[in-house]
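Trainee: A predicted structure for the sequence below; I have some questions about it.
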Amino acid sequence: MEITQEVLKLLENSAELAYPDECCGFIFSPKLANPSATIRGQAFWPVANSSDPQLRRRRFLVEPEDFAQAELAAEAQGLELTAIHHSHPDHPAEPSGEDLAKAWPFYHYLITAVSQGQAQETTCWRLAADRSGFVREPLIVLNDL
């Protein structure tokens, strides 16, 4: 997956602002005529973490209405929702068991590790075809278009 430098900065800012809680949001990409083409995330839509306040340090929850609004906003811009972003406060940028339990096969998952309030690393993952785990994918950061 590719993202612009601007989108990466927005992801990192969102993660730092939410610290010590997890943040969450969506990444929009142009619609692709060829499904095997590289996805290029070029817009970020932050979403409120609706998880119970006592669980937000290790969990995030996106309400169905937020998904619906994001899909409508993407469509209005000629884009599609292709990735879900969240942060891992004081934890590696690797999917957790909770992430695996809630993952859907048609999205990319970007995770930003935040240590002591500072974004450290953002990684990209896809759910394995058999849903047994995640496969790490390269995340290429492009100069802004």
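Mentor: All right, it came through fine.

Trainee: can you list the buried residues in the helix or strand hosting residue 67?
Mentor: For residue 67, the element it lies in under DSSP states H and E is helix 64-76. Using 16 or more other Cβ atoms under 10 Å as the test for burial, helix 64-76 gives 66, 70-71, 74. All C-beta atoms are positioned from the backbone trio N, CA, C, and that covers glycine.

Trainee: do the same with stretch 137-145
Mentor: residue 139.

Trainee: could you dump that stretch to PDB, C-alpha only?
Mentor: This file holds the C-alpha atoms of stretch 137-145, laid out as PDB (Å, rounded to 0.1, in the frame of the first residue of the first chain):
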ATOM      1  CA  GLU A 137       2.600  -5.600   3.600                       C
ATOM      2  CA  PRO A 138       5.100  -2.900   2.600                       C
ATOM      3  CA  LEU A 139       3.900   0.600   3.400                       C
ATOM      4  CA  ILE A 140       5.400   3.100   0.900                       C
ATOM      5  CA  VAL A 141       5.300   6.800   1.800                       C
ATOM      6  CA  LEU A 142       5.100   9.000  -1.300                       C
ATOM      7  CA  ASN A 143       6.000  12.700  -1.600                       C
ATOM      8  CA  ASP A 144       2.700  14.600  -1.600                       C
ATOM      9  CA  LEU A 145       1.000  14.700  -5.000                       C
END
